[in-house]
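> I would like the atomic coordinates for the input below:
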Amino acid sequence: MEAEGHACDVLSKDSVMSRKLAPVQGKWRKAVPQAHFAVLFAICFLLGIGLVLLPPGQRIDEGFSRLLVRISHAAIGMCGGTAAVEGAILRSPGGFGVEMRDGCNGINVTILLWAAVLAFPAPWKLKGYGLAMAPAPTE
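Purely as a prediction, here's the structure:
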């Protein structure tokens, strides 16, 4: 008398194939969304960086840097300090200055976060919230 499911039982060709393919199919199904996210993320990120590197994007980036310097100047004044603004440079009365340059204003990090939000499989309404809220913590 043999027990059911014994290792020496004769298996049909179909049952052998289904046992071998089932884990592979499961892994493939899980890998496809990850690959889709990775490709879409890379495309969104590269497009975003490319747009910032174009002349209109550079003008927006420079204007944004100047805006951040003015906001910092206002925050220093509200805290009782003094500083002077010269374009994208914030200068102390003693002459020490900090220039907000390309890459220091958080634009690149915001583009990185936007690319992740756009690539993530979520409803567009939630993506809209993510795109709107992304700059707040990065700036």
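> shouldn't V85 be within a strand?
Yes: under DSSP: H, G, I helix; E, B strand; the rest coil, V85 falls within a strand.
> surely it meets L68?
No: with contact defined as C-beta atoms under 8 Å, V85 does not reach L68; the gap is 10.8 Å. The C-beta positions use only the backbone N, C-alpha and C, and glycine is treated the same way.
> show me which helix or strand of the protein is least confident by mean pLDDT.
The helix or strand of the chain with the lowest confidence, counting by mean pLDDT, DSSP states H and E, is helix 13-53 at a mean of 72.
> and after that one, which helix or strand comes next?
helix 55-78 (DSSP states H and E).
> need the contact partners of stretch 55-62.
Defining contact as C-beta atoms under 8 Å, 6 or more residues apart in numbering, one finds that stretch 55-62 is touched by 51-52, 88, 102, 105, 107.
> brain fart, stretch 37-46
So stretch 37-46 is contacted by 111-112, 114-116, 118-121 (C-beta under 8 Å, 6+ apart).
> same question for stretch 93-108.
By C-beta under 8 Å, 6+ apart, the list of residues contacting stretch 93-108 reads 49, 52, 58, 61-62, 64-66, 68-69, 82-84, 86, 88-91, 135, 138-139.
> helix or strand: which one has the spatially most central residue of the chain?
Centroid-nearest residue in the chain: L113, 2.4 Å away (criterion: C-alpha atoms, centre = their mean). Element membership of L113, judged by DSSP H and E, is helix 107-119.
> so that helix versus helix 55-78, what angle?
110 degrees (axes from the mean of the first three to the mean of the last three C-alpha atoms, to 10 degrees).
> what about I49, how many neighbours?
Look at I49: counted by other C-beta atoms under 10 Å, it has 15 neighbours.
> isn't it right up against W114?
No: with contact defined as C-beta under 8 Å, I49 does not reach W114; the gap is 10.9 Å.
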